[in-house]
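Asker: Need the 3D shape of this:
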Amino acid sequence: MKQLKAYVERKNQFAAIFGHRPLDLNSALDRQKIADSIDSELSPENLSCDGELPRSRVQARYRELTRCAEQLLKLDPAVKFYEYC
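Answerer: Sure thing, here's the model as predicted:
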């Protein structure tokens, strides 16, 4: 759960800059938003920053995001993913 909490905290820090409300892992709606965000970041274009990142960094990002997805699915099996299988 450590990686997922860190991921949500980073998302909330960024959202706070723009005055958005923080995501909460206790909310089913927010859990799906988090899943959608992870899905978006797992798309090949976003994962590799359109091919700009070195392979080692892409692999590290992929591992981090898939760990977050696994932890989120463990917390709430009802969330839907499309990029993560």
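
Asker: Please count neighbours and contacts with C-alpha atoms only from this point.
Answerer: OK.

Asker: need the contact list for the residue nearest the centre of the chain.
Answerer: Residue closest to the average C-alpha location in the chain (C-alpha atoms, centre = their mean): I38, at 2.9 Å. Taking C-alpha atoms under 8 Å, 6 or more residues apart in numbering as the contact definition, I38 lies against L65, C68, A69.

Asker: ok, so of those residues, who is nearest R31?
Answerer: For R31, the nearest member of the contacts of I38 is A69. The distance, counting by C-alpha to C-alpha, is 10.5 Å.

Asker: and the host helix or strand of that closest one, what other elements does it pack with?
Answerer: Assessed by DSSP states H and E, A69 sits inside helix 55-75. With contacts taken as 3 or more C-alpha pairs under 8 Å, 6 or more residues apart in numbering; DSSP states H and E, helix 55-75 sits against helix 2-17, helix 28-42, helix 44-47.

Asker: residues of the second one that come out buried?
Answerer: So the one you mean is helix 28-42. Neighbour-count burial for helix 28-42, counted by 16 or more other C-alpha atoms under 10 Å, picks out R31, Q32, K33, I34, A35, D36, I38, D39, S40, E41, L42.
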